[in-house]
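1. predicted coordinates and the sequence they were generated for:
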Amino acid sequence: GIIAGEGSEELERAAQTLASECNVIGMTAVAAGDMVAAHELLKKADILTDTGGLVKDDAARLRLRAVTFNNLGCFYKRRGKLHSALAALDKALR
């Protein structure tokens, strides 16, 4: 069979799903108070949706990026890091 390569629809779908799940599970970890796991998962979503990351479809990438930065804002707020929270929420709007 054909192996999914860079630029394949299969890889794109998988990257979008992974970024989405990192956000969902990351926020579940925030709610449970597991800040180490939450931060790791949200940073993975950040990397996946960054320019040059695995999510290539621009509309999907920007949507997932906004969700990721919103979630990072919630994460930092929960940790009492209000400056970092505000910076992440500002990025979510851009």
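-> Here it is on my side, so go on. Numbering: from 1, shown residues only.
2. pLDDT weak spots in this protein?
-> The model of the chain has pLDDT under 70 over residues 1-7.
3. ok, and the closest non-adjacent residue to residue 72?
-> Leaving aside its chain neighbours, residue 72 sits nearest to residue 88 (4.0 Å; criterion: C-beta to C-beta, 6 or more residues apart in numbering). Placement of C-beta: from N, CA and C, glycine included.
4. dump the residue contacts of the one you found.
-> 69-70, 72-73, 75-76 (C-beta atoms under 8 Å, 6 or more residues apart in numbering).
5. so which of those wins on neighbours?
-> Highest neighbour count within the contacts of residue 88, by other C-beta atoms under 10 Å: residue 72, with 26 neighbours.
6. hang on, isn't that one packed against residue 41?
-> No - Residue 72 lies out of contact with residue 41 (C-beta atoms under 8 Å); the separation is 10.5 Å.
7. what touches both of these two?
-> Between them, residue 72 and residue 41 share no contacting residue, judged by C-beta under 8 Å, 6+ apart.
8. so for the protein, the centremost residue is which one?
-> Note on the chain: the residue nearest the mean C-alpha position is residue 45, at 2.7 Å, using C-alpha atoms, centre = their mean.
9. name the nearest residue to residue 56, sequence neighbours excluded.
-> That would be residue 12: by C-beta to C-beta, 6+ apart, it lies 5.9 Å from residue 56.
10. give the buried residues for the top helix by length along the chain.
-> Secondary structure of the chain read by DSSP state H shows that its longest helix is helix 9-32. Using 16 or more other C-beta atoms under 10 Å as the test for burial, helix 9-32 gives 12, 15-16, 18-20, 22-23, 25-27, 29-30.
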